[in-house]
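J.: what's the 3D shape of this:
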Amino acid sequence: MNSMIHLEGARAPACTEAGLPAIHVVDDETSVRTALARLLGSTGKYRVHTHDCADDFLAAYDPDAHGCLVLDIGLPGLDGIGLQDHLRKGGHAVSIVFLSGCADVPMCADAMRHGAVDFLTKPVDESLLFEAVDRALARDRSMRALQAQQAIATERLALLTRREREVLTHVMNGRLNKQIAADIGTAEKTVKVHRARGMEKMCVRSVAELVRLVERARAATE
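T.: Below is the predicted model of the structure:
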């Protein structure tokens, strides 16, 4: 039988290291907060931080640190859904595992619709919690990798001159060099130079690579 999280059965926290992912546990119940911290910390896989309210979490949260949020939905003041919405509107795509004292289907659906990784009811099944946290961390890693790719694409686009950008836009639309030359009113050899320099600055060798890179840059601004 899978065990449930209770304060009496929680193990002592293990030593943590700076390079480990950060798990933020936000719950206004001291016993639950302590038990979750001990359980998650006992694995030695995470750095566990506890908070009794949304404001305390927001004051400590480092958006540049890899990790996730284990969040009680029924917090006083700014509740779990409110905190999720606040983070989302602030541009922080935090991976969240929600906790609730009851199985509230509409609330669960709302949380999942806005990007929650999982919605667990208390007392929390240990195996389900670890599975949810691992999924949340995997999602966070993927999001950070995508953001890094988008940043690179944006930086490379910024290196292009106006003419290089114009030529590459025509290239992505499938236009040939001579067609681009006619479109922008210049010599074909000039188009070839702008095209070569633009492709070099974007660090791509094919039109397909160029399109993928530009799409990443555009996604970063949406």
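
J.: Other residues contacting the host helix or strand of residue 99?
T.: Residue 99 is part of strand 96-100, with elements assigned from DSSP states H and E. Strand 96-100 has contacts (Cβ atoms under 8 Å, 6 or more residues apart in numbering) with 27, 32, 68-74, 80, 84, 107-108, 111, 115-122, 124, 129, 132-133, 136. Any C-beta I mention is one placed from the backbone N, CA and C, and that applies to glycine too.

J.: Return the members of those classed as buried.
T.: 27, 32, 68-74, 80, 84, 107-108, 111, 116-120, 122, 124, 129, 132-133, 136 (16 or more other Cβ atoms under 10 Å).

J.: Next one: residue 74 relative to residue 133, how far apart?
T.: 20 Å (Cβ to Cβ, to the nearest Å).

J.: just for the chain, where's the confidence low?
T.: Applying pLDDT under 70 to the chain picks out residues 1-18, 103-105, 220-222.

J.: Let me see the domain layout of it.
T.: 7-145, 159-220 (automatic domain parsing).

J.: leaving aside the residues next to it on the chain, what's closest to the residue most central in space within the chain?
T.: Closest to where the C-alpha atoms of the chain average out (Cα atoms, centre = their mean) is residue 143, at 3.8 Å. The spatially closest residue to residue 143, leaving aside those adjacent along the chain, is residue 93, at 5.4 Å (Cβ to Cβ, 6 or more residues apart in numbering).

J.: mind listing the strands for the protein?
T.: 22-26, 47-51, 67-72, 96-100, 118-121 (DSSP state E).

J.: re earlier: any idea which of the domains of the chain gets closest to residue 151?
T.: Proximity to residue 151 (Cβ to Cβ) singles out domain 159-220 among those, at 7.1 Å.

J.: how about stretch 83-100: buried residues?
T.: Residues of stretch 83-100 classed as buried by neighbour count (16+ other Cβ under 10 Å): 83, 84, 87, 93, 94, 95, 96, 97, 98, 99, 100.

J.: Distance check, the residue of the chain positioned farthest from its centre against residue 195.
T.: Residue farthest from the centre of the chain, counting by Cα atoms, centre = their mean, is residue 187 at 45.4 Å. Remark: distance between residue 187 and residue 195 (Cβ to Cβ) = 13 Å.

J.: swap in residue 86?
T.: 45 Å.

J.: now do residue 93
T.: Here the criterion is Cβ to Cβ. By it, residue 93 lies 35 Å from residue 195.

J.: Distance from the chain centre to the helix ranked longest in the chain, please.
T.: Selection of the longest helix in the chain by residue count, based on DSSP state H, yields helix 126-158. Helix 126-158 has its C-alpha centroid displaced from the chain centroid by 5 Å (Cα atoms, centre = their mean, to the nearest Å).

J.: Pull out the buried residues from it.
T.: Buried, per 16+ other Cβ under 10 Å, within helix 126-158: 126, 129, 132-133, 136-137, 139-140, 149-150, 153-154, 156-157.

J.: and which of those residues is nearest to residue 21?
T.: After measuring these against residue 21 - Cβ to Cβ - the closest member comes out as residue 137, at 5.3 Å.

J.: Can you name the residues that contact that closest one?
T.: Residues near residue 137 by Cβ under 8 Å, 6+ apart: 21, 66, 67, 68, 95.

J.: Output the residues you listed as CSV; include the columns distance to residue 43.
T.: Below are these laid out as CSV (distance: Cβ to Cβ, whole Å):
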residue, distance to residue 43
21, 11
66, 16
67, 14
68, 14
95, 18
